[in-house]
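Asker: Following is a predicted model, sequence given first.
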Amino acid sequence: MNTGMLWFDNDPKVDFLTKIQRATEYYQNKYGQKPDLCYVHPSMIPEKPARTSGIEVQGSQMILPNTFWLGVKSSARI
């Protein structure tokens with residue numbers, strides 16, 4: 001993923017999956033397609049693997065806590 005959308009959500013009353021769902025819905029409404037990749041700070045990833053509606057969640061130290069970087073995976077060009 002070369003470009004994407006940053007989404008900040010620090011609502012303590014909302015679980016991790018709901019935060020991703022909110023960000024996904026906004027992304028889809030704004031850009032007309034559903035993201036399939038989301039980078040988050042590793043400390044945010046739940047211990048139990050969670051189902052994220054077809055979105056691959058990856059941890060990255062480059063992402064600040066409570067921030068989600070959503071986008072579409074870059075396709076390999078041959």
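Answerer: On my side now, so go ahead. Numbers count the residues shown, from 1 in each chain.

Asker: Only the buried residues of the helix or strand that contains residue 23, if you could.
Answerer: Assessed by DSSP states H and E, residue 23 sits inside helix 16-31. In terms of neighbour count (16 or more other CB atoms under 10 Å), helix 16-31 has its buried residues at 16, 19-20, 23-24, 27. Using the backbone N, CA and C atoms, a C-beta is placed for each residue, glycine as well.

Asker: Same check on stretch 48-60?
Answerer: Of the residues in stretch 48-60, those buried (16+ other CB under 10 Å) are 55, 57.

Asker: End to end on stretch 22-41, go ahead and measure it.
Answerer: 17 Å (CA to CA, to the nearest Å).

Asker: What's the mean pLDDT across it?
Answerer: The pLDDT scores in stretch 22-41 average 95.

Asker: that older thread, who are the packing partners of the next helix or strand after the helix holding residue 23?
Answerer: Later in the chain than helix 16-31, the nearest helix or strand by DSSP H and E is strand 37-40. Counting contacts by 3 or more CB pairs under 8 Å, 6 or more residues apart in numbering; DSSP states H and E, strand 37-40 packs against helix 16-31, strand 56-59, strand 67-71.

Asker: Send over strand 37-40 as PDB, restricted to the C-alpha atoms.
Answerer: Only the C-alpha atoms of strand 37-40 are listed here, as PDB (Å, rounded to 0.1, in the frame of the first residue of the first chain):
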ATOM      1  CA  LEU A  37      -5.400  -3.400   4.500                       C
ATOM      2  CA  CYS A  38      -5.100  -1.600   7.800                       C
ATOM      3  CA  TYR A  39      -1.900  -0.700   9.700                       C
ATOM      4  CA  VAL A  40      -2.100   0.000  13.400                       C
END
